[in-house]
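Q: just coords:
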């Protein structure tokens, strides 16, 4: 492969017309080479997680149909679910008006968990106000851990 | 108000335990003071847009129940829908495991459009492969513009 990984995609172009109303995929990577990716459950629409793809992760996701991301914390390509078995099969990918965000709708293998805490979704807590008006987080009791992270990933 | 806008929120703390399994809201703003916010339709779960809040926008969103963001392109506070009438009433706010992303579920006034192109969602195009295998964008024919942006915002 002689082209850089980013050059395999059509580049963004100036102006809004082509980016917003065009039929060509022109993913707009950030200065650090990433595109924000919202991951939703293909069957019920639940927002599962937010991650980032670089050009390699996007390319692999499109080629294989299995979601790949770039792990900013580990600084490496991340085939989601490789350790836990919770691979994400991409049913659909969308991009937004200015093509700087992706939404991937996925079906999850294994435990059906996107979150490393073992839960289906990373968004398992609601921001609420307590009786005294203070902000608090309320756990979604419908989303309890489906696996024990210590057993899957080992203890920290 | 003597506290800085950011100090009105509990600060993130080291380690995973309290951030991931705690009951206190400790929003983790990025170095530039923003938190990524996924906006979903409260009734059907459609991902509508992705925006960012700074501490002021988050505070106003929580106080008023109307979504406020920080416009990175304009460099100013952004009461979504102020021009178009498409105000977003927040039905629920969630945060993720490490509290660096929010999901707000909203009901939209006006045309029921989140996108400045007039569409319900900014994610109105699917990434697909053409017959010849090339990547392309396919418009979601169920999401056509609900208003004429030129009439609402004026021509560029």
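A: Thanks, I have it. Bear in mind that the values here come from a model prediction, so they are computed numbers and not experimental data.

Q: contacting residues for whichever residue of chain A sits closest to chain B?
A: Of all residues in chain A, the one sitting closest to chain B is residue A:45 (3.0 Å; Cβ to the nearest Cβ). All C-beta atoms are positioned from the backbone trio N, CA, C, and that covers glycine. By Cβ atoms under 8 Å, 6 or more residues apart in numbering or on different chains, the contact set of residue A:45 is B:40, B:44, B:45, B:46, B:47.

Q: now the residues you listed: which count as buried?
A: Among these, those that count as buried by neighbour count (16 or more other Cβ atoms under 10 Å in any protein chain shown) are B:40, B:46, B:47.

Q: how near is the residue of chain A positioned farthest from its centre to residue A:138?
A: Centroid-distance maximum for chain A: residue A:132 at 35.8 Å, with Cα atoms, centre = their mean. With distances taken as Cβ to Cβ, to the nearest Å, residue A:132 is found 15 Å from residue A:138.

Q: before we move on, which element is residue A:11 in?
A: For residue A:11, there is no enclosing helix or strand under DSSP states H and E.

Q: these two touch, right, it and residue A:25?
A: No. Counting by Cβ atoms under 8 Å, residue A:11 stays clear of residue A:25, with 10.8 Å between them.

Q: quick one: low-confidence residue ranges for chain A.
A: A:1-3, A:155-156 (pLDDT under 70).

Q: who's in contact with residue A:142?
A: Counted by Cβ under 8 Å, 6+ apart, residue A:142 has zero contacts.

Q: so it, which state does it fall into?
A: Put simply, residue A:142 is coil when judged by DSSP: H, G, I helix; E, B strand; the rest coil.

Q: which helices and strands sit right next to the top helix by length along chain A?
A: The longest helix of chain A (DSSP state H) is helix A:55-64. If you count contacts as 3 or more Cβ pairs under 8 Å, 6 or more residues apart in numbering or on different chains; DSSP states H and E, helix A:55-64 packs onto strand A:68-71, strand A:76-79, strand A:88-95.

Q: flag every buried residue along it.
A: Those would be A:55, A:57, A:58, A:59, A:60, A:61, A:62, for helix A:55-64 by 16+ other Cβ under 10 Å.

Q: likewise stretch A:10-19?
A: A:10, A:19.

Q: quick check, that stretch touching chain B?
A: Yes. Judged by Cβ under 8 Å from any Cβ of the partner chain, stretch A:10-19 comes into contact with chain B at A:10, A:16.

Q: and the helices in chain A?
A: Under DSSP H, chain A gives helices at A:17-21, A:55-64, A:149-153.

Q: what would these look like in CSV with distance to residue A:117?
A: Converted to CSV, those look like this (distance: least, Cβ to Cβ, whole Å):
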stretch, distance to residue A:117
helix A:17-21, 37
helix A:55-64, 22
helix A:149-153, 6
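
Q: quick one: closest of the ones you listed to residue B:120.
A: Closest approach to residue B:120 among the helices of chain A (Cβ to Cβ): helix A:17-21, 14.9 Å.
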